[in-house]
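Student: build me a model:
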Amino acid sequence: YLAQYRAWELLLGAVLALSLIPRPTQRLAREAMAGTGVVLIGVSVATFNDGMAFPGLAALVPCLGAALIIHARATEGPISSVLRARPFVFIGLISYSLYLWHWPIIVFARHLSGVPLTTTNGWTIVAASIVVAWCSWRFIERPFRGPSSRVPRKPLFVAAAGAVATFAAFGIFVASEKGLPSRLSPAARLAYDATYDKSRYRDEGCFKNSDGNGPSTADIAAGNLCQLGIEGQNPSFLVWGDSHAAAMSPAINVAAGHAGLTGLLAGEAGCPPLLDVQLPDVRNKERCREFNAAALDLIKSRRISLVILPAYWPKYVHAAELPNEGVYFDASVPPPLDDHSGPISEALDRTLLELKRMGTKVVLVMDVPEMGRNVPEALAKAIAVGASTDIAPPRAYIDKRQALPRAMLEQFATKYGAVIIDPMPAFCGSDRCYAARNGVPLYTDGNHITATAAKGLSYLFAPALRSFASSPATVGG
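Tutor: Got it, this is the predicted structure:
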């Protein structure tokens, strides 16, 4: 949303204002141009959804539509009759004020309600935005615009420049003070600080993030990676997976250190540790194919005899994260349970078969419960407003979400003699799960555990790593 990425939209308006493109002279051509613009806007309204990257290339469709309508200046015909109707003209008059006001109203309505907006809430916000926009247009915009302005131009621009400078200075101050955390109570600050409780294994030096920053495929294949356990020795095991593998690495690091083992982390965002996995996103498919091939090359070249595979399994099996990721979460909305396990299951079978052929032992790590909301932010907000801090989804909800990936992992663990490590009991009781303990979040967001929480799970990995250290051929029994 930054100006430099949307400057082309302003440029498009400037091209129209300067009449740099010839306007059709024939009525039929003008009507066709305006009609095409209406269709483009209609397509945007009907087909754009929250799964699209916007703004971006998709923004070109409604912008071109608006530009065609403006440029056509169609004054006769059916398109013109519709666009000149009084309701449309009214919206056009207040459109700039409506553009300025609607988003703050949406943001504060969501912030104050603390829940996702319903359809009724949405229409109420639309009505409120129109009322506020009309008032803004009538009492702020009109008196200050054009030659009829009652305020002379020079004082107006001086005042505007002063206002911009004041807000810019305030923004710099807030940024330099890291958002003024002193405005929060100590308990709320403690909760929010968990956002930054990330280990080095999630940094660019150890882990390749979604922007492509981190170890290259060549680094992975060559073993130029961050070590776990006892540093400086030849690695005997590999942690291979996505960002959940990186988040779990502090637990493995502690357990490996106690067992006297050295390992490496090969991690890439959004990539399950599966050979030739078929992912819905074609770009991710190719990126992950290269990452996983490099990890396999590393296992072969270094003769790695133990591989640990943590991953965000529910996301891949159901091809979706939980709904309403962020501060807001509604457990009454069923979790995504569509079965997309076919390609994942085939790739896991293929991967485990290849590792078995190489004589490499495998530890499969089930995933931690997803929280469905940004835990530090949601918990800090709950503390600040005195609301309930029991923000985790019910155990039954999590069990539904985890059932398919857990069954898949158990099936292949039995088939290939792999060890299963299950962190679920560390986060859940018989009827509920926990997003925090003693007011301290266990997650940095909605599904990645904190470094502190991960270190506390080292006991889960200790038996398998001790067994491997004493007898590599019989890890896990």
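
Student: name the helix or strand of this structure that has the lowest mean pLDDT.
Tutor: helix 142-144 (a mean of 82; mean pLDDT, DSSP states H and E).

Student: what does that helix rub up against?
Tutor: 149-151, 156 (Cβ atoms under 8 Å, 6 or more residues apart in numbering). Heads up, the C-betas are built off the backbone N, CA and C, glycines and all.

Student: tell me how far it is from the chain's mean position?
Tutor: 42 Å (Cα atoms, centre = their mean, to the nearest Å).

Student: over to stretch 193-203?
Tutor: That offset, for stretch 193-203, works out to 16 Å (Cα atoms, centre = their mean).

Student: need the CA coordinates for it. CSV is fine.
Tutor: Extracted in CSV, the C-alpha atoms of stretch 193-203 (Å, rounded to 0.1, in the frame of the first residue of the first chain):
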residue,chain,number,x,y,z
ASP,A,193,6.9,-9.2,23.8
ALA,A,194,6.4,-12.9,22.9
THR,A,195,6.1,-11.7,19.3
TYR,A,196,9.9,-11.3,19.3
ASP,A,197,10.7,-14.6,21.2
LYS,A,198,12.2,-16.2,18.1
SER,A,199,15.4,-18.3,18.0
ARG,A,200,18.3,-17.8,15.6
TYR,A,201,16.9,-20.8,13.6
ARG,A,202,14.2,-18.5,12.3
ASP,A,203,16.6,-15.8,11.2
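
Student: which of the residues in that stretch are buried?
Tutor: 193-195, 197-199, 201-202 (16 or more other Cβ atoms under 10 Å).

Student: among these, which one lies nearest to residue 319?
Tutor: Closest approach to residue 319 among these (Cβ to Cβ): residue 202, at 23.8 Å.

Student: please name the nearest non-neighbouring residue to that closest one.
Tutor: residue 246 (4.7 Å; Cβ to Cβ, 6 or more residues apart in numbering).

Student: next: residue 457.
Tutor: Using Cβ to Cβ, 6+ apart, the nearest residue to residue 457 is residue 251, at 4.0 Å.

Student: what do you get for residue 287?
Tutor: Nearest to residue 287 is residue 271, by Cβ to Cβ, 6+ apart, at 6.9 Å.

Student: what does stretch 410-428 contact?
Tutor: Under Cβ under 8 Å, 6+ apart, the answer for stretch 410-428 is 248, 345, 348-349, 352-353, 355-356, 361-369, 395, 398, 402, 406, 409, 433-434, 442, 456-457, 460-461, 464, 475-476.

Student: of those residues, buried ones?
Tutor: By 16+ other Cβ under 10 Å, the contacts of stretch 410-428 give 248, 345, 348-349, 352, 355, 361-369, 395, 398, 402, 406, 409, 433-434, 442, 456-457, 460-461, 464, 475-476 as buried.

Student: the protein - how does it break down into domains?
Tutor: Using the TED database, the domain parsing of the chain gives 1-84, 193-470.

Student: deepest-packed of these, please.
Tutor: When those are scored by mean count of other Cβ atoms under 10 Å, the highest mean neighbour count falls to domain 193-470 (a mean of 19).

Student: that domain - what's its average pLDDT?
Tutor: Averaging pLDDT along domain 193-470 gives 93.

Student: repeat for stretch 85-93
Tutor: 91.

Student: what's in contact with it?
Tutor: Under Cβ under 8 Å, 6+ apart, the answer for stretch 85-93 is 82, 98, 130, 137.

Student: test my guess that the second one contacts residue 130.
Tutor: Yes. Under the criterion of Cβ atoms under 8 Å, residue 98 is in contact with residue 130, at a separation of 6.6 Å.

Student: check which helix or strand covers residue 406.
Tutor: Taking DSSP states H and E as the definition, one finds residue 406 inside helix 395-416.

Student: restricting to C-alpha, output that helix in CSV.
Tutor: Provided in CSV are the C-alpha atoms of helix 395-416 (Å, rounded to 0.1, in the frame of the first residue of the first chain):
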residue,chain,number,x,y,z
ARG,A,395,-9.7,-29.2,22.2
ALA,A,396,-12.5,-30.7,20.1
TYR,A,397,-11.9,-28.0,17.4
ILE,A,398,-8.2,-28.8,17.3
ASP,A,399,-8.8,-32.5,17.2
LYS,A,400,-11.0,-32.1,14.1
ARG,A,401,-8.4,-30.0,12.4
GLN,A,402,-5.5,-32.4,13.3
ALA,A,403,-7.2,-35.7,12.7
LEU,A,404,-6.3,-36.2,9.0
PRO,A,405,-2.6,-35.2,9.2
ARG,A,406,-2.1,-37.2,12.4
ALA,A,407,-3.7,-40.3,10.8
MET,A,408,-1.4,-39.9,7.7
LEU,A,409,1.7,-39.6,9.8
GLU,A,410,0.8,-42.6,12.0
GLN,A,411,0.1,-44.7,8.9
PHE,A,412,3.5,-44.0,7.3
ALA,A,413,5.4,-44.3,10.7
THR,A,414,4.0,-47.8,10.9
LYS,A,415,4.8,-48.6,7.3
TYR,A,416,8.4,-47.5,7.4
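
Student: can you give me the helices in the stretch 301-450 of the chain?
Tutor: Remark: helices assigned in the stretch 301-450 of the chain by DSSP state H, counting those that start in this stretch are 313-318, 341-357, 375-385, 395-416, 424-427.

Student: which of the contacts of stretch 85-93 has the weakest pLDDT?
Tutor: residue 82 (86).

Student: skipping adjacent residues, who's closest to that one in space?
Tutor: That would be residue 88: by Cβ to Cβ, 6+ apart, it lies 7.1 Å from residue 82.

Student: please, which helix or strand holds residue 125?
Tutor: Going by DSSP H and E, residue 125 is in helix 119-136.

Student: got the domains of the chain as TSV, with distance to residue 162 columns?
Tutor: Converted to TSV, the domains of the chain look like this (distance: least, Cβ to Cβ, whole Å):
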stretch	distance to residue 162
domain 1-84	21
domain 193-470	33
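
Student: which one of those lies closest to residue 118?
Tutor: The nearest among the domains of the chain, by Cβ to Cβ, is domain 193-470 at 10.1 Å.

Student: how distant is the closest one from the center of its chain?
Tutor: The answer for domain 193-470 is 16 Å, by Cα atoms, centre = their mean.

Student: quick one: end-to-end length of that domain, please.
Tutor: 40 Å (Cα to Cα, to the nearest Å).

Student: ditto for stretch 80-93
Tutor: 17 Å.

Student: backbone dihedrals for the residue nearest to residue 82, please?
Tutor: phi -70, psi -40 (degrees, to the nearest 10).

Student: where's the most far-flung residue of the chain relative to its centre relative to residue 77, distance?
Tutor: For the chain, the largest distance from the centre (Cα atoms, centre = their mean) belongs to residue 26, which lies 49.0 Å off. The spacing between residue 26 and residue 77, counted by Cβ to Cβ, to the nearest Å, is 12 Å.

Student: then residue 156?
Tutor: Applying Cβ to Cβ to residue 156 and residue 77 gives a distance of 40 Å.

Student: what of residue 177?
Tutor: 58 Å.

Student: the helix or strand encompassing residue 171 packs against which elements?
Tutor: Residue 171 is located in helix 153-176, with elements delineated by DSSP H and E. Packing partners of helix 153-176 (3 or more Cβ pairs under 8 Å, 6 or more residues apart in numbering; DSSP states H and E): none among the helices and strands.
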